[in-house]
Each structure stands twice: as C-alpha cells, then as structure tokens.
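[1] Please find the sequence and the predicted model below.
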Amino acid sequence: MKRIDAVIPAERLTNVSDELKKVGVGGLTCFDSKGRGQVPIQQRSAGRGGVFTPMFNTNCTLMVVVKDGDVDKAVQAILSAASSGLTGEGKIFVSKVDEVVDVGTKKKGDEAL
C-alpha cells in the first residue's frame, strides 16, 4: 500500500476529489495548510490602498492510501484535476504504508481500504 499526500490549491479540491472517485479511490482526508515554495508569494491588498506580502500561501493538503497497483492512476487523477501547467501549484508525495487497520470493522491490510 502507498500513501499519497498532495499539496494543491484549495479551490481545486472538489475537482481532485471527483477525479479520484472516478478512478476508484474510496476515501480521502483533507485539511487546510499553509506553506511556501520557490515561487515568490504575490502581494495582496490590505485595504485603504495598502498592500502586503503574506508569509505563506494558503493550500489544501489531501491524503489517500491506495493499493500499490493504483498509485499511478491516483497520481494521474490528481494531476489532471489540479495542474494547469504553471510553476508553484503544489507537490505530490508517495510513501510506503506498512499497515492499515479500519477502526470500525477492525479489518486489516487491503480489506481496510
């Protein structure tokens, strides 16, 4: 099993969720996140004609766990829904998961997904 963490623009979360459903990813966890990358953060209006540069961008981080054979289609679903081809749109991280246990059913491994 693999865990896929994706940091994406918050406004693209619904599209990403829909694409993941289409490829058979049953569930996901998401949370609001802040961060910065190599691309400079744009200035924002502060009212009364002032501007400021925030320290961090506001993003959404989502997490899914999939079977090893489903990693490529899940990553492609995220890319197709979240990427417009511009620099600084986020990152996707894939890591190994040793065990999954469903709290309600107590099933383990692939059955818990």
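    Arrived safely.
[2] Only C-alpha atoms from now on, for both contacts and neighbour counts.
    Will do.
[3] the longest strand in the protein is where?
    Criterion DSSP state E: the longest strand present in the chain is strand 57-66.
[4] strands paired with that strand, and their directions?
    With DSSP bridges as the test, strand 57-66 is paired with strand 2-8 (antiparallel), strand 29-35 (antiparallel).
[5] Just send the ones you listed back as JSON lines, with distance to Met55, mean pLDDT and mean neighbour count too.
    As requested, the strands paired with strand 57-66 are exported to JSON lines (distance: least, Cα to Cα, whole Å; pLDDT from 0 to 100; neighbours: other Cα atoms under 10 Å):
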{"stretch": "strand 2-8", "distance to Met55": "17", "mean pLDDT": "97", "mean neighbour count": "21"}
{"stretch": "strand 29-35", "distance to Met55": "8", "mean pLDDT": "92", "mean neighbour count": "13"}
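[6] Would you tell me which of these gets closest to Leu79?
    Smallest distance to Leu79 across these (Cα to Cα): 9.6 Å, for strand 2-8.
[7] Pull the closest one out as PDB, backbone CA atoms only.
    The C-alpha atoms that make up strand 2-8 are tabulated as PDB, following Å, rounded to 0.1, in the frame of the first residue of the first chain:
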ATOM      1  CA  LYS A   2       1.100   3.600  -0.600                       C
ATOM      2  CA  ARG A   3       0.100   6.900   0.900                       C
ATOM      3  CA  ILE A   4      -0.300   9.800  -1.400                       C
ATOM      4  CA  ASP A   5      -0.100  13.300   0.100                       C
ATOM      5  CA  ALA A   6      -0.900  16.100  -2.300                       C
ATOM      6  CA  VAL A   7      -0.500  19.800  -1.600                       C
ATOM      7  CA  ILE A   8      -2.800  21.600  -4.000                       C
END
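[8] now the very next helix or strand once past it, how far from the centre of its chain.
    Next helix or strand after strand 2-8 toward the C-terminus (DSSP states H and E): helix 13-22. A distance of 10 Å separates the centroid of the chain from that of helix 13-22, by Cα atoms, centre = their mean, to the nearest Å.
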